[in-house]
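**Q** show me the folded form of this:
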Amino acid sequence: ASGELPLNTHGGQLGEAYLHGMNGIAEGVRQIRGSAVNQVPDAARVLVTAGTGVPTSGLILGADG
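**A** Residues are numbered from 1 along each chain as shown. Below you'll find the model as predicted:
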């Protein structure tokens with residue numbers, strides 16, 4: 001790993017309509033499936049947060065085996 005930490009691969013709340021965090025979840029699923037437009041190579045785990053300024057919710061997604 002190069003030590004880089006990709007953030008807002010889907011453009012954040014400026015890139016799509018704001019649906020209370022659902023765009024972040026959809027992007028996280030795409031990253032795990034390997035079908036994201038801005039795919040992170042070998043993504044195995046994704047942290048999704050939602051909230052203004054300070055995250056108010058969080059979700060960790062991961063690939064099976």
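**Q** which strands and helices lie in contact with the longest helix along the chain?
**A** Assignment by DSSP state H gives helix 22-33 as the longest helix of the chain. Packing partners of helix 22-33 (3 or more C-beta pairs under 8 Å, 6 or more residues apart in numbering; DSSP states H and E): strand 45-50, strand 57-62. No exception for glycine: its C-beta is placed from N, CA and C like everyone else's.
**Q** need those in JSON lines with mean pLDDT, can you?
**A** Converted to JSON lines, those look like this (pLDDT from 0 to 100):
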{"stretch": "strand 45-50", "mean pLDDT": "86"}
{"stretch": "strand 57-62", "mean pLDDT": "90"}
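**Q** most tightly packed of those?
**A** strand 45-50 (a mean of 16; mean count of other C-beta atoms under 10 Å).
**Q** any chance of the helices and strands packed on helix 22-33 in a markdown table, with distance to residue 38 too?
**A** Listed next are the helices and strands packed on helix 22-33 as a markdown table, based on distance: least, C-beta to C-beta, whole Å:
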| stretch | distance to residue 38 |
| --- | --- |
| strand 45-50 | 13 |
| strand 57-62 | 16 |
